[in-house]
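[1] need a structure here:
(chains A and B)
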Amino acid sequence: AQTVTQSQPEMSVQEAETVTLSCTYDTSESDYYLFWYKQPPSRQMILVIRQEAYKQQNATENRFSVNFQKAAKSFSLKISDSQLGDAAMYFCAYRRMNRDDKIIFGKGTRLHILP
Amino acid sequence: KAGVTQTPRYLIKTRGQQVTLSCSPISGHRSVSWYQQTPGQGLQFLFEYFSETQRNKGNFPGRFSGRQFSNSRSEMNVSTLELGDSALYLCASSLVGGGNIDEQFFGPGTRLTVL
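    The predicted model follows:
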């Protein structure tokens, strides 16, 4: 069975600084997607960034980038120039490719931004 | 384009009652997935529907059921409610699902409280 582990339940970062959220996963599949989702307090879950396992290049979206280490089954999220609006729960997630839409989520990391 | 909508947003029920939650996907989306979010268990997959057929099911008791209509709207039903069913229920829609590269968009959720 696939699992996703986020070892940091909470983190804090000073505004404008850089922070890295950790995630490891376990799967025997070779084709899959990895995601980072953001869930602000009392607001909807939104997709931050996505990585296809077959792509070696790390995905980036503006201030958000990932470090995807397929052999190590590691998928960390780096947020550069942290902003107050980045405060949220961040979920690392996994989904098999071309099988079904079931997403397996980690337990989440609550990120606090210190002004 | 309107996002995923869920009704009602908040619900209070008592043990033993049953409840029906509704999810309207983004126009044109045919796949709908449901998740239960609790502080203890995190986000757990309930089921995925596509073209009125359940395509995948999570590890939940038979008290949890769902269906999808021809317009892709989906409902989930929980019978004989238990205190542990108190949770945020999220639905997500995508164009065709099935592990396709399509992004899944989440609704705001229905907060169910069982007393």
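[2] So for residue 53, what's the nearest residue that isn't a sequence neighbour?
    You didn't say which chain, so I picked chain A. A:Tyr32 (4.8 Å; CB to CB, 6 or more residues apart in numbering or on different chains). All C-beta spots, glycine's among them, are computed from the backbone N, C-alpha and C.
[3] meant chain B actually
    B:Gln68 (7.5 Å).
[4] Mind giving me the packing neighbours of the helix or strand harbouring B:Tyr35?
    Assigned by DSSP states H and E, B:Tyr35 falls within strand B:31-38. Here strand B:31-38 touches strand A:103-105, strand B:42-50, strand B:74-78, strand B:87-94, going by 3 or more CB pairs under 8 Å, 6 or more residues apart in numbering or on different chains; DSSP states H and E.
[5] Out of those strands, which is closest to B:Arg30?
    strand B:42-50 (5.9 Å; CB to CB).
[6] Output the lowest mean pLDDT helix or strand found in chain B.
    strand B:53-57 (a mean of 92; mean pLDDT, DSSP states H and E).
[7] Tell me the strands beside that one, with direction?
    Applying DSSP bridges, strand B:53-57 is found paired with strand B:42-50 (antiparallel).
[8] what's the angle from the strand it pairs with to strand B:87-94?
    40 degrees (axes from the mean of the first three to the mean of the last three CA atoms, to 10 degrees).
[9] And stretch A:35-47, end to end?
    7 Å (CA to CA, to the nearest Å).
[10] what does chain B put close to chain A?
    B:3, B:31, B:33, B:35, B:42-45, B:48, B:55-56, B:58, B:90, B:92, B:94, B:97-101, B:103-104, B:106-109 (CB under 8 Å from any CB of the partner chain).
[11] Need the buried ones from these selected in ChimeraX.
    This is the ChimeraX syntax for the buried subset of the residues of chain B next to chain A, where burial follows 16 or more other CB atoms under 10 Å in any protein chain shown:
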select /B:31,33,35,42,43,44,45,48,55,56,90,92,94,97,98,99,100,104,106,107,108,109
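[12] Need the pLDDT of B:Glu103.
    In this model, B:Glu103 is scored at 85, pLDDT.
[13] wait, I meant B:Thr20
    98.
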